[in-house]
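Participant: Need a 3D model of the following:
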Amino acid sequence: MILAQETAFAVPATVINLAYIVSCVLFIFGIKRLGKTETARSGNFLSALGMLIAVIAVFFDADVMKSWTTDWYHNGYLWCFGGIAIGAIVGAVWAKKVKMTGMPELVALFNGFGGLASLLVAWSEFAKVNPDGSPVSHALTADNAVSEVSLYLTILIGAITFTGSVLAWGKLSEKISGRPVLFAGQQVVNALIVLVALGAMVVYLFPGIVPAGSPETVQTVALYTGIVVSLIMGVTVVLPIGGGDMPVVISLLNSLSGLAAAMAGFVINNNVLVVAGCLVGASGVILTVIMCKAMNRSIGNLLFSGFGAADSGSSKKAGTGAEPKAVSVEDAYLVLEAARSVVFIPGYGMAVAQAQHVVKELAAKLEENGAEVNFAIHPVAGRMPGHMNVLLAEADVPYEQLKTMDEINPLMPMQDVAIVIGANDVVNPAAATDKSSPIYGMPIIKANEARTVFVLKRGKGKGFSGIENELFTLQNTRMIYGDAKATISALSGEFGKE
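Facilitator: Here you go, the predicted structure:
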């Protein structure tokens, strides 16, 4: 095997580091711009550009260039470019074909693959060999302490993120039940798994405490034990979480994938990976906290409460206790035709029906008729953070019409009509009135305070979290059953009639 690095274009380390700095700056500005709907697209572009620069710079790193050989089989560049090509093709086809309803599942898998990639990076570092074929020593010293601790934490966090995200994908795609899975002694089992994972970490770092076997063998067994129990931990942590909490879980898993990447950066001594991972991890934690606050719950409560495990029977206080009252499209049109203020409250049902474009069309008809139109977005509406914002942006709904929960609630008593499209828990008055409800205390969009409420729903079933909704039986609420897209189209068509 002939090394070709002597003929390669040598790039000074200062240039590589400068490229990393540029990448980090672009990441920071990109994430900053992701904070607002109107700048999110450019923020995504800046972040992608930063990653492109970082990837290109990596190939000119002196250590990486050592893998450039004339032997195609051992040529590291060939394998890297092959992997990039395959990943690019799969990613492009997948992103092109995925429906908006499948976007939360796609994001969940992205988080999982990110955790798996970090795990494999750490695993490959552990399996490194010296030029003479002997394994690299991982004996703990003052010089490699950070690297060895980071190696194990990368595997721990990456494994949890991978299996947890795969399970979240299964729940979101309804390939498995979205209901919480609880069993006796669950917390004890989780505690034991954590203790085994931490114990394996101690043994990995200090193999001398195990009298039998060589230090290398003890470390290998400890590391593989850590991998197995961490993979199991990802399942046991997400298993008891109900579908209603999935947006927060997606945010938390995204944070963990960033943290795993940051740890991997310490393992391979790559600054840009550390910075990028920290940015993703920190922003994910901030978003998770914001969403937990929007639900009036702590992260611990989210992870261990089993939200939605049992029907709360919260509808017992709803209105007069009567069944929900249905209304025809024609009668609903008469109310909308006279309305001077209308607010749309979208939920996952709008995504399922792909109704965002016809909603935009109906909003335009209402505005032409003299009504003021707004869209109320709850922080946890849909199945992932920002789900509704993405859908409405796709339909070119003006950004100024997108109102947060805090912005719209004071205005709700002045709204002539509130149109709820597939939302459930985020408009359920039980959160404020029924102490027995699992969502009691969660801030909601107060659709019930509008003069008239139209709820567009496919059928009489419960929402994804399995909780009855008091709103559906209130005196000022009327249900319009059927496909949301067809219903909205019919309402919009009524405005076109003479």
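
Participant: Show me what the helix ranked longest in the chain is packed up against.
Facilitator: When the chain is parsed with DSSP state H, its longest helix is helix 145-172. When contacts are defined as 3 or more C-beta pairs under 8 Å, 6 or more residues apart in numbering; DSSP states H and E, helix 145-172 sits against helix 103-126, helix 186-205, helix 215-238, helix 246-268. Just so you know, the C-beta spots here come from the backbone N, C-alpha and C atoms, and that holds for glycine as well.

Participant: Apply 10 Å and report the result again.
Facilitator: helix 103-126, helix 186-205, helix 215-238, helix 246-268, helix 271-294 (3 or more C-beta pairs under 10 Å, 6 or more residues apart in numbering; DSSP states H and E).

Participant: wait, which of these is closest to Leu474?
Facilitator: helix 271-294 (22.9 Å; C-beta to C-beta).

Participant: Run the chain-centre distance for that closest one.
Facilitator: Centre-to-centre, helix 271-294 and its host chain are 11 Å apart (C-alpha atoms, centre = their mean, to the nearest Å).

Participant: quick one, what contacts Asp483?
Facilitator: With contacts defined as C-beta atoms under 10 Å, 6 or more residues apart in numbering, the neighbours of Asp483 are 349, 352-355, 456, 458, 489-490.

Participant: let's see 8 Å
Facilitator: 353, 458 (C-beta atoms under 8 Å, 6 or more residues apart in numbering).

Participant: between the helices and strands packed on helix 145-172, which one is nearest to Glu148?
Facilitator: Among those, helix 186-205 comes nearest to Glu148, with 6.3 Å by C-beta to C-beta.

Participant: Measure how buried Asp331 is and give me the count.
Facilitator: 11 (other C-beta atoms under 10 Å).

Participant: Let's verify it: helix, strand, or coil?
Facilitator: helix (DSSP: H, G, I helix; E, B strand; the rest coil).

Participant: Which is the succeeding secondary structure element to the helix or strand where Leu366 lies?
Facilitator: Leu366 belongs to helix 356-368 when assigned by DSSP states H and E. Later in the chain than helix 356-368, the nearest helix or strand by DSSP H and E is strand 372-377.

Participant: And the average pLDDT for that following strand is what?
Facilitator: Strand 372-377 carries an average pLDDT of 93.

Participant: What lies in contact with it?
Facilitator: Strand 372-377 has contacts (C-beta under 8 Å, 6+ apart) with 340-346, 363, 366-367, 388-389, 392, 397, 401-405, 408, 411, 418, 445, 447.

Participant: Buried residues of the next helix-or-strand element following that strand, list them for me.
Facilitator: Following strand 372-377 in sequence order, the next helix or strand is helix 387-394 (DSSP H and E). By neighbour count with 16 or more other C-beta atoms under 10 Å, helix 387-394 contains the buried residues 387-393.

Participant: Please tabulate these in TSV and include pLDDT as additional columns.
Facilitator: Compiled in TSV, those are given as follows (pLDDT from 0 to 100):
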residue	pLDDT
His387	80
Met388	86
Asn389	83
Val390	80
Leu391	83
Leu392	87
Ala393	81
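
Participant: Show me which of the residues you listed is closest to Ala54.
Facilitator: Using C-beta to C-beta, Val390 is the member of the buried residues of helix 387-394 that lies nearest Ala54, at 25.8 Å.

Participant: The longest helix of the chain versus helix 103-126: what angle between them?
Facilitator: Relative orientation of helix 145-172 versus helix 103-126 (axes from the mean of the first three to the mean of the last three C-alpha atoms, to 10 degrees): 150 degrees.

Participant: in helix 145-172, what's buried?
Facilitator: Going by neighbour count (16+ other C-beta under 10 Å), the buried part of helix 145-172 is 147-172.

Participant: Same check on stretch 414-428?
Facilitator: Judged by neighbour count (16+ other C-beta under 10 Å), stretch 414-428 contains these buried residues: 415-428.

Participant: okay, that stretch in PDB with CA atoms only?
Facilitator: Coordinates of each C-alpha in stretch 414-428 appear next as PDB, following Å, rounded to 0.1, in the frame of the first residue of the first chain:
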ATOM      1  CA  MET A 414     -63.700  39.300  21.200                       C
ATOM      2  CA  GLN A 415     -63.600  36.600  18.500                       C
ATOM      3  CA  ASP A 416     -66.800  35.900  16.700                       C
ATOM      4  CA  VAL A 417     -65.700  32.400  15.600                       C
ATOM      5  CA  ALA A 418     -62.900  30.100  16.500                       C
ATOM      6  CA  ILE A 419     -62.300  27.200  14.100                       C
ATOM      7  CA  VAL A 420     -60.500  24.300  15.700                       C
ATOM      8  CA  ILE A 421     -59.000  22.000  13.000                       C
ATOM      9  CA  GLY A 422     -57.900  18.700  14.500                       C
ATOM     10  CA  ALA A 423     -56.600  20.100  17.800                       C
ATOM     11  CA  ASN A 424     -57.500  18.400  21.000                       C
ATOM     12  CA  ASP A 425     -55.600  18.800  24.300                       C
ATOM     13  CA  VAL A 426     -54.400  22.300  23.500                       C
ATOM     14  CA  VAL A 427     -58.000  23.600  23.500                       C
ATOM     15  CA  ASN A 428     -59.400  21.400  26.300                       C
END
